[in-house]
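> Sequence below, structure please.
(4 chains)
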There are 2 protein chains.
Amino acid sequence: MPPSPGQSRSELLKGTLDMLILQTLTLQPQHGYAIAQHIERLSNDVLSVEQGSLYPALERLQKKGWVTSKWGESPTGRKARYYTITASGRRQLGREISSFDRMLVAIRAVMKRA
Amino acid sequence: MPPSPGQSRSELLKGTLDMLILQTLTLQPQHGYAIAQHIERLSNDVLSVEQGSLYPALERLQKKGWVTSKWGESPTGRKARYYTITASGRRQLGREISSFDRMLVAIRAVMKRA
DNA sequence: GCGCATAGGTAGAACGCCTACATATGACCT
DNA sequence: AGGTCATATGTAGGCGTTCTACCTATGCGC
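Have a look, this model is predicted:
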């Protein structure tokens, strides 16, 4: 059954996917499917990471040099591509967190009710 | 001079523009240019609202019935289109704030460092 | 044998914002 | 009188990101 009409029950705040992925990879190298599951579980299923967003994002991050990858085997014995965050990726994560926090402060300032 | 290369010094967290505009209009009816200035000033110039984003957004909000508009005169004596938030727009604003808060909680849960 | 969860991926469209441009006018300076 | 700046509204085209909708493959339980 497709998600109920009108709106999906889980969304993603645009522009935060890269940050969420990089953050997840600071815990340990993981394969794509596991990254998505991790984000969904920790967010209490509020955030959902679609495959159509996930894999292009991982390619993007790789192209920028923020993660590297190699084929391996998942705990369940399947082949899986494992992603590892690089030093450059950690710096990027720091920048993204700063930028996100800065914007949050700014938005709160505009949204502040009397 | 165009903004220094690499990154502009002010951005917008994607998906929040409608919310910021609607919030600004709860204070009083205002014309587009004033809305943009208000957001920029309150955010301490962290957020910038470009014309190419502002006017299409206002049209969008109007089409959805969340704001209405009519021509008037600005304090400086120029013609300006004044926008007013509707009851439906206030409900929408409430929904957007809830959704934003929900996602923030979710993102924080993923980003939480030990 | 069948369905489900796991795992990786692509194509195409939709969306939201930005850059750059176009227009107009009032205020101020020289 | 001419120039520039701030005010004010808009449009066209492009870009990056995300989503929908597919496709493939395999291991496991029924």
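
> and A:Arg81, helix, strand or coil?
Here A:Arg81 is strand, with the state taken from DSSP: H, G, I helix; E, B strand; the rest coil.

> So what pairs up with it in the strands?
A:Trp71 (DSSP bridges).

> burial measure for it, as a count.
Counted with other Cβ atoms under 10 Å in any protein chain shown, the neighbours of A:Arg81 add up to 15. In this view, the C-beta of every residue, glycine as well, is placed from N, C-alpha and C.

> so it touches A:Val67, yeah?
No: using Cβ atoms under 8 Å, A:Arg81 is not in contact with A:Val67; the gap is 10.6 Å.

> Share the number of residues neighbouring the closest residue to A:Ser88 other than its chain neighbours, please.
Distance criterion Cβ to Cβ, 6 or more residues apart in numbering or on different chains; nearest residue to A:Ser88, sequence neighbours excluded, is A:Gly65 at 5.2 Å. The tally of other residues near A:Gly65 (other Cβ under 10 Å) stands at 12.

> now the one 5 residues further on
Neighbour count of A:Lys70, defined by other Cβ under 10 Å: 9.

> give me every residue that touches it.
A:Arg81, A:Tyr82 (Cβ atoms under 8 Å, 6 or more residues apart in numbering or on different chains).

> Now with 6 Å, please.
A:Tyr82 (Cβ atoms under 6 Å, 6 or more residues apart in numbering or on different chains).

> What separation is there between it and A:Thr24?
A:Lys70 sits 18 Å away from A:Thr24, going by Cβ to Cβ, to the nearest Å.

> same deal with A:Leu61?
From A:Leu61 to A:Thr24 the distance is 11 Å (Cβ to Cβ).

> which element is the residue of chain A found nearest DNA strand D on?
In chain A, the residue that lies nearest DNA strand D is A:Gly52 (1.8 Å; Cβ to the nearest atom of the strand). Element membership for A:Gly52, per DSSP states H and E: helix A:51-63.

> export that helix as CSV, just CAs?
Coordinates of each C-alpha in helix A:51-63 appear next as CSV, following Å, rounded to 0.1, in the frame of the first residue of the first chain:
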residue,chain,number,x,y,z
GLN,A,51,17.2,4.9,-2.2
GLY,A,52,16.7,7.4,-5.0
SER,A,53,18.2,10.1,-2.7
LEU,A,54,20.7,7.9,-0.8
TYR,A,55,22.8,6.5,-3.6
PRO,A,56,23.2,9.7,-5.6
ALA,A,57,24.1,11.4,-2.3
LEU,A,58,26.8,8.8,-1.6
GLU,A,59,28.2,9.2,-5.1
ARG,A,60,28.2,13.0,-4.6
LEU,A,61,30.1,12.7,-1.3
GLN,A,62,32.6,10.4,-2.9
LYS,A,63,33.2,12.7,-5.8
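
> Which other helices and strands does that helix contact?
The contact analysis (3 or more Cβ pairs under 6 Å, 6 or more residues apart in numbering or on different chains; DSSP states H and E) places helix A:51-63 against helix A:32-42.

> in the helix it packs on, what's buried?
A:Gly32, A:Tyr33, A:Ala34, A:Ile35, A:Ala36, A:His38, A:Ile39, A:Glu40, A:Leu42 (16 or more other Cβ atoms under 10 Å in any protein chain shown).

> Could you list which of those also contact chain B?
A:Ile39, A:Leu42 (Cβ under 6 Å from any Cβ of the partner chain).

> follow-up on the earlier one: is the residue nearest to A:Ser88 located within a helix, as I assumed?
No: applying three-state DSSP, one finds A:Gly65 to be coil, outside a helix.
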